[in-house]
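*Asks:* Here's a sequence, model it:
(one chain, ligands or ions: 1)
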Amino acid sequence: MAPRIILLFSGKRKSGKDYLTDQLQKLLGDRCEIIKISQPIKSHWAKEKNLNLNEMLSDSEYKEQYRLDMITWSDEMRDQDYGCFCREACQNAADRPIWIVSDIRRKTDIQWFTDTYPDLIRTIRITADEETRKKRGYSFKEGVDNVVSECDLDDYTLWDLVVENGKGRQQLEEQLGSILGLLSHL
Ligand SMILES: Nc1ncnc2c1ncn2[C@@H]1O[C@H](COP(=O)(O)OP(=O)(O)OP(=O)(O)O)[C@@H](O)[C@H]1O
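*Replies:* Okay, here's the model as predicted:
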């Protein structure tokens, strides 16, 4: 069974992508599969450099040590084939009706999904003010926060839904409710 809908989530660092997609998964249970484009990137990189993959995947300082190198390496891979990581992440995904991609970063990610799964794609931008993001552990890093991987979707305007997750955020139930609205036809 192929997915019947694919939700693509984007947001700046510490906007709450993992938090909200985890909550959504709790609600949807085994009807949904969480996909991370960063997973194949991290596993390739960990294998190549002989690093600990679990540490890379967890929200740790370890991951931050390698973030810059990983960005450079994955940009080179993408230049050759912009869909390479999207494709690999989807190949590893379970057959479930709802796919949640929790970390899209580029216009080409959206393009790849839209071309590969026409009509199934809904895009969601999570926003949060800088002060809130800082309270959650964000601090500006040269080469990370001012490069394409973090900024390419800043000027994208065609989101199906924008979810405020900073100071002005609604209750979690309402945030999730607006996301579920995108699934109401299923
Ligand atoms: N609505 C919220 N209520 C309470 N805590 C939140 C909320 N949103 C996010 N957080 C907390 O803020 C921190 C950062 O959120 P999260 O890891 O989801 O961000 P992210 O966008 O996935 O960041 P990164 O891009 O760095 O992986 C986490 O500790 C998370 O639990």
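
*Asks:* how about the helix or strand of the chain at the bottom of the mean pLDDT ranking: buried residues?
*Replies:* When each helix and strand of the chain is scored by mean pLDDT, DSSP states H and E, helix 53-57 comes last, with a mean of 80. Judged by neighbour count using 16 or more other CB atoms under 10 Å, the buried positions of helix 53-57 are 56-57. Where C-beta positions appear, they are placed from N, C-alpha and C, glycine not excepted.

*Asks:* what do you get for stretch 177-186?
*Replies:* Those would be 179, 182-183, for stretch 177-186 by 16+ other CB under 10 Å.

*Asks:* now those in TSV, with distance to Asp18, secondary structure and pLDDT?
*Replies:* Putting those into TSV (distance: CB to CB, whole Å; DSSP: H, G, I helix; E, B strand; the rest coil; pLDDT from 0 to 100) gives the following:
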residue	distance to Asp18	secondary structure	pLDDT
Ile179	14	helix	98
Leu182	19	helix	97
Leu183	20	helix	95
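
*Asks:* confidence score at the residue of the chain positioned farthest from its centre?
*Replies:* The outermost residue of the chain relative to its centre, with distances by CA atoms, centre = their mean, is Asn50 at 24.8 Å. Asn50 carries a pLDDT score of 84 in this model.

*Asks:* and the longest helix for the protein?
*Replies:* If you go by DSSP state H, the chain has its longest helix at helix 61-80.

*Asks:* Alpha carbons of it, as CSV, please.
*Replies:* What follows is helix 61-80, C-alpha atoms only, in CSV (Å, rounded to 0.1, in the frame of the first residue of the first chain):
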residue,chain,number,x,y,z
GLU,A,61,26.3,17.9,21.1
TYR,A,62,28.0,15.1,19.2
LYS,A,63,25.7,15.8,16.2
GLU,A,64,26.6,19.5,16.4
GLN,A,65,30.3,18.7,16.1
TYR,A,66,29.7,17.3,12.6
ARG,A,67,26.9,19.4,11.4
LEU,A,68,29.1,21.7,9.3
ASP,A,69,31.0,18.9,7.6
MET,A,70,27.7,17.0,7.0
ILE,A,71,26.1,20.1,5.3
THR,A,72,29.1,20.5,3.0
TRP,A,73,29.2,16.8,2.1
SER,A,74,25.4,16.5,1.5
ASP,A,75,25.4,19.6,-0.6
GLU,A,76,27.9,18.0,-2.9
MET,A,77,25.8,14.9,-3.2
ARG,A,78,22.7,16.9,-3.9
ASP,A,79,24.4,18.9,-6.6
GLN,A,80,24.8,15.6,-8.5
